[in-house]
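Novice: Fold the following and give me the result.
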Amino acid sequence: MVKPELNEIKKQFTPRNCSISRICGCYVDAEKTIKTTFEESFLNLPEEETFKYFEILRKSLSGTIGKTALNLEFPIEQENDGGCQEFLMRLRESKLKDEALLSQFYDMVINYYDYVGNYLILVITDTYDVPNKTTDGIINDESDTVYDFIMCCICPVNLSKPGLSYDASMNEFHNRIRDWVVDLPEAAFLFPAFNDRASDIHNVMYYVKDSEELHEDLVAGVLGCSTTLTAKTQKATFQALIEETLGEHVDYSIVQSIHENLNEMEVEHKEKEIAEPLTLDKKDVKILFEKAGVEDEKMQVFEKLYDASCGEDTKLYVSNISNSRSYEVKTPDVVVKVNPERADLVETREIDGRKCLVIPITDQIEVNGIEVRA
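Specialist: Predicted coordinates:
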């Protein structure tokens, strides 16, 4: 799924567009004990409650693709009898009316979700009549595609903060009674995925609040999928790949060139208005290194290094490994920040026998906000 497709489903979670037929929930305490469950027709809920649920559901379709919103593909074996995808298919087809299936699903989540504290498992079933879209992007009311899906959100339940509250009837301030409040989700998934504006039963969209806490056990146990490297790990892995490929002497000009080439790729990607995030596979990274001037001798070890650090089939999101809004050169005592588009201004030279960073200056110089003359 890409951002426009996430937003299209997100727009269904409004009073005007809502077609959610059923909502179910399971409240779990810190001891992994089920405190209560509920099953209701969504349209029978009070209006003020539906707005709270809409907020939770929309949050579960937010985030950045490749960081907190992950497209996961089911392994083939998970689509066979007894597999996770096959189970989710049955859960979807039941329209959440099969209590035994729901109970089994709750047990799976409780078993694999590692969380210290109380939480609520929310599950909805929805049917979206997908309107047609013309080649020039205009959406009309006609529909020839139906998207049936379920969505699960796992939300922490925490005690509200202590404080004073105003009692309007008494015109007095009193200690506020603390109660248990449902927070926005820590993890969620949409099944099946909504790819190319249609149902894709071979994929699932997975959301996580913290890009560095992917809840791998939950993904493996409930979805039967494997997660990719976290955003932070992708960046660290890419940096290590550069250092290990170049060896002991990492040339500044090569690192600078890699940065500039990545920026150029991002600009071209945006200009083409491609919805999918820009990713690099092993072949792309190899071309990137060669274009930056990495010697053939050093490139001979590249493939083994890539497979060992990333995995042969792993794709790296450019937004995770490169910061197009920042270019920083750092020494133990000095940090130089440059407009990323003008990284070429910083050079390394040997002056009087010493290696130096050289930055050309103009008449416009400020020191702590004070204009000075060079």
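Novice: for the longest strand along the chain, packing partners?
Specialist: The residue-count maximum for a strand in the chain (DSSP state E) belongs to strand 139-159. Judged by 3 or more C-beta pairs under 8 Å, 6 or more residues apart in numbering; DSSP states H and E, strand 139-159 is in contact with helix 47-59, helix 84-93, strand 118-133, strand 180-182, strand 187-191, strand 198-200. All C-beta spots, glycine's among them, are computed from the backbone N, C-alpha and C.
Novice: Which stretch among these is buried most, on average?
Specialist: Highest mean neighbour count among these (mean count of other C-beta atoms under 10 Å): strand 187-191, with a mean of 24.
Novice: which outside residues touch that strand?
Specialist: 1, 9, 60-61, 88, 92, 113, 149-154, 204-209, 215, 218, 222-223 (C-beta atoms under 8 Å, 6 or more residues apart in numbering).
Novice: now do stretch 360-369
Specialist: By C-beta under 8 Å, 6+ apart, the list of residues contacting stretch 360-369 reads Leu345, Glu371, Val372, Arg373, Ala374.
Novice: Equivalent analysis for stretch 103-121, please.
Specialist: Against stretch 103-121 from outside (C-beta under 8 Å, 6+ apart): 25-30, 32, 34, 37, 87, 91, 123, 152-158, 180, 182, 186-187, 215, 217-218, 220-222.
Novice: Just list the residues touching Val329, thanks.
Specialist: Applying C-beta under 8 Å, 6+ apart, the residues near Val329 are Val335, Val336, Val338, Val346, Leu357.
Novice: chain center to the helix or strand harbouring Phe173, what's the gap?
Specialist: Assigned by DSSP states H and E, Phe173 falls within strand 172-175. How far strand 172-175 lies from its chain's middle: 42 Å, per C-alpha atoms, centre = their mean, to the nearest Å.
Novice: Walk me through which strands it pairs with, and which way each runs.
Specialist: Strand 172-175 sits in its sheet next to strand 164-167 (antiparallel), going by DSSP bridges.
Novice: What residues does Phe238 make contact with?
Specialist: Counting by C-beta under 8 Å, 6+ apart, Phe238 makes contact with Val285, Leu316, Ile321.
Novice: you'd agree it is in a helix?
Specialist: Yes. The assignment for Phe238 by DSSP: H, G, I helix; E, B strand; the rest coil puts it in a helix.
Novice: re earlier: who wins for most neighbours among the contacts of Phe238?
Specialist: Among the contacts of Phe238, Leu316 has the most neighbours (other C-beta atoms under 10 Å), with 25 neighbours.
Novice: pretty sure it contacts Cys310?
Specialist: Yes. Using C-beta atoms under 8 Å, Leu316 makes contact with Cys310 at a distance of 6.9 Å.
Novice: quick one: low-confidence parts of this structure?
Specialist: Applying pLDDT under 70 to the chain flags the ranges 134-138, 140-141, 374.
Novice: Which parts of it are helices?
Specialist: With helices called from DSSP state H, the chain shows them at 3-10, 47-59, 84-93, 99-112, 216-218, 231-246, 252-271, 282-291, 296-299, 302-309, 318-321.
Novice: any chance of these in JSON lines, with distance to Ala69 too?
Specialist: Supplementary listing: the helices of the chain in JSON lines, determined by distance: least, C-beta to C-beta, whole Å:
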{"stretch": "helix 3-10", "distance to Ala69": "7"}
{"stretch": "helix 47-59", "distance to Ala69": "11"}
{"stretch": "helix 84-93", "distance to Ala69": "18"}
{"stretch": "helix 99-112", "distance to Ala69": "20"}
{"stretch": "helix 216-218", "distance to Ala69": "16"}
{"stretch": "helix 231-246", "distance to Ala69": "11"}
{"stretch": "helix 252-271", "distance to Ala69": "18"}
{"stretch": "helix 282-291", "distance to Ala69": "22"}
{"stretch": "helix 296-299", "distance to Ala69": "34"}
{"stretch": "helix 302-309", "distance to Ala69": "24"}
{"stretch": "helix 318-321", "distance to Ala69": "12"}
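Novice: Could you point out which of those sits nearest Ile20?
Specialist: Proximity to Ile20 (C-beta to C-beta) singles out helix 47-59 among the helices of the chain, at 8.3 Å.
Novice: related to what we said a few turns ago, now which of the contacts of stretch 103-121 would you call buried?
Specialist: For those, a burial check counting by 16 or more other C-beta atoms under 10 Å picks out 25-28, 87, 91, 123, 152-157, 182, 186-187, 215, 218, 222.
Novice: From Glu48, how far off is the closest residue to Thr14 other than its chain neighbours?
Specialist: Nearest non-adjacent residue to Thr14, counting by C-beta to C-beta, 6 or more residues apart in numbering: Phe54, 6.5 Å away. For Phe54, the distance to Glu48 equals 11 Å [C-beta to C-beta, to the nearest Å].
Novice: do the same with Leu288
Specialist: From Leu288 to Glu48 the distance is 53 Å (C-beta to C-beta).
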